[in-house]
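J.: Here is my input; please provide its structure:
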Amino acid sequence: MKIVITGAAGFVGRALTASLGSAHSVIAVDQHLNGMPGIAGDLADPAVLQAAFAHGCDAVVHLATVPGGAAELDPAQAKRVNVDGTMALIDAAAAAGHTPRFIFASSIAVFGDPMPASIDDTTPLAPRMLYGGHKAIMEEWIATQTRRGAISGLSLRFPGIVARPKTPSGMKSAFMSNVFHALKSGEQIELPVSPDATLWLMSLMCLVSNIEHALGITATGSVTLPAARMTLAALVAQIAVEAGADPTLATYAPDLALEAAFGRQPPLTTARADALGFRHDGDLTVLVASALNTL
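T.: Okay, the predicted model is just below:
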């Protein structure tokens, strides 16, 4: 397959590009490639899109985004990338291929905050953050373009993916990854939610496997990916075991608003995703070991 990956130099993009590149022709696109071969530039630039699709395409994996906190700080830029850029990308893909497969990185942010008491395939979308609103808008646009026959689109709602690099990410949920780095390095960390905060998490390599699976099936629409659900205290304890660290290096200073948005994730039922063959890591031990292995 000829596969265009946007956000290819990012956390998920690098791992996905490396995995797919052994069996497919991958075109990596990112604002800054940081040494990766590919096409550097903005998705809003017609020249970048022309270069990305110069030789046609069978599929697109659209990972590029302005995430939660960064979107709130610069709404105009976030809309330009998250909405206008995605629409332009869809148009370019449709023109370059014959109903190409289009996998969109959506987010559990579409459910808003605080979340309802439980979430399943019938839960309505109710985003409050701009990022979640943009993802919800594009889910519907991708579904519309799929009904029109332009693309074959599937939106995957990602849970928290761990462990992201210890760099500024623009994500308010960065603490979920930073705790891995701190405990592995034997450093203290103050966490902005309480020990009993509940999280939905998936390891990077599990997510890569799920995206590759999405490329190989024909399902369209939107699916909430399965996720391991745990308390932050349980996560800290397991990281400490795997890393040989002292769990008391992690202390807690809850921010009530942040915890409401990122630390009160309810029971999750993902019947459609399960039936389609998507999977989470299995249990906390496997998730933590996998996440630590990719730091």
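
J.: Mind listing what's buried along stretch 238-247?
T.: When burial is assessed from 16 or more other Cβ atoms under 10 Å, stretch 238-247 yields the following buried residues: 238-240, 242-243, 245. Glycine gets a C-beta too; all of them are placed from N, C-alpha and C.

J.: Could you dump those into TSV with distance to Ile217 and secondary structure added?
T.: Listed next are the buried residues of stretch 238-247 as TSV, based on distance: Cβ to Cβ, whole Å; DSSP: H, G, I helix; E, B strand; the rest coil:
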residue	distance to Ile217	secondary structure
Gln238	32	helix
Ile239	33	helix
Ala240	38	helix
Glu242	33	helix
Ala243	36	helix
Ala245	40	coil
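
J.: Looking at those, spot the one nearest Leu20.
T.: Glu242 (28.2 Å; Cβ to Cβ).

J.: do you know how far that closest one is from Val286?
T.: 11 Å (Cβ to Cβ, to the nearest Å).

J.: and if you look at Ala117?
T.: Taken as Cβ to Cβ, the span from Ala117 to Val286 is 28 Å.

J.: And these two? Which one has more around it.
T.: Val286 (14 against 7; other Cβ atoms under 10 Å).

J.: ok, the nearest residue to Met36 once chain neighbours are set aside - contacts?
T.: With sequence-adjacent residues excluded and distances taken as Cβ to Cβ, 6 or more residues apart in numbering, Met36 is closest to Ala9, at 5.0 Å. Taking Cβ atoms under 8 Å, 6 or more residues apart in numbering as the criterion, Ala9 is in contact with 28, 30, 32-34, 36, 38.

J.: Going by neighbour count, list what's buried in stretch 67-87.
T.: 67-71, 78-79, 81-83, 85-87.

J.: To clarify, my last question referred to stretch 284-295.
T.: Buried-residue list, stretch 284-295, by 16+ other Cβ under 10 Å: 284, 287-288, 290-292, 294-295.

J.: Name the nearest of those relative to Asp45.
T.: Nearest member of those to Asp45, counting by Cβ to Cβ, is Thr294, at 31.5 Å.

J.: Surely the closest one is in contact with Leu207?
T.: No. Between Thr294 and Leu207 no contact is recorded; they are 10.6 Å apart, counting by Cβ atoms under 8 Å.

J.: quick one on the thing from earlier: ok, so of the buried residues of stretch 284-295, who is nearest Asn178?
T.: Leu295 (11.2 Å).

J.: Neighbours of Pro124, how many?
T.: Residues lying near Pro124 (other Cβ under 10 Å) number 8.

J.: Kindly list the main-chain dihedrals of it?
T.: Dihedral pair for Pro124: phi -70, psi 150, per degrees, to the nearest 10.

J.: which residues in the chain form strands?
T.: Using DSSP state E, the strands found in the chain span residues 2-6, 25-30, 39-40, 59-62, 101-107, 152-158, 160-162, 189-191, 198-203, 221-224, 228-231, 250-252.

J.: Turn these into a markdown table, including mean neighbour count, distance to Ala260 and mean pLDDT.
T.: Below are the strands of the chain laid out as a markdown table (neighbours: other Cβ atoms under 10 Å; distance: least, Cβ to Cβ, whole Å; pLDDT from 0 to 100):
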| stretch | mean neighbour count | distance to Ala260 | mean pLDDT |
| --- | --- | --- | --- |
| strand 2-6 | 25 | 31 | 98 |
| strand 25-30 | 22 | 33 | 97 |
| strand 39-40 | 18 | 38 | 97 |
| strand 59-62 | 26 | 29 | 98 |
| strand 101-107 | 25 | 17 | 98 |
| strand 152-158 | 24 | 19 | 98 |
| strand 160-162 | 25 | 15 | 95 |
| strand 189-191 | 17 | 15 | 95 |
| strand 198-203 | 23 | 12 | 97 |
| strand 221-224 | 21 | 20 | 98 |
| strand 228-231 | 20 | 16 | 97 |
| strand 250-252 | 17 | 15 | 97 |
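
J.: Please report the residue range of the longest helix in this structure.
T.: Counting residues, the longest helix in the chain under DSSP state H turns out to be helix 130-147.

J.: For Trp141, see how far away the closest residue to Lys79 other than its chain neighbours is.
T.: Excluding the flanking residues, the one nearest Lys79 by Cβ to Cβ, 6+ apart is His134, at 6.9 Å. To Trp141, His134 is 10 Å away according to Cβ to Cβ.

J.: try Arg147
T.: 11 Å.

J.: Which one of those two is surrounded by more residues?
T.: Trp141 (17 against 10).

J.: Pro127 versus the more buried one, what's the distance?
T.: Counting by Cβ to Cβ, the gap between Trp141 and Pro127 amounts to 15 Å.
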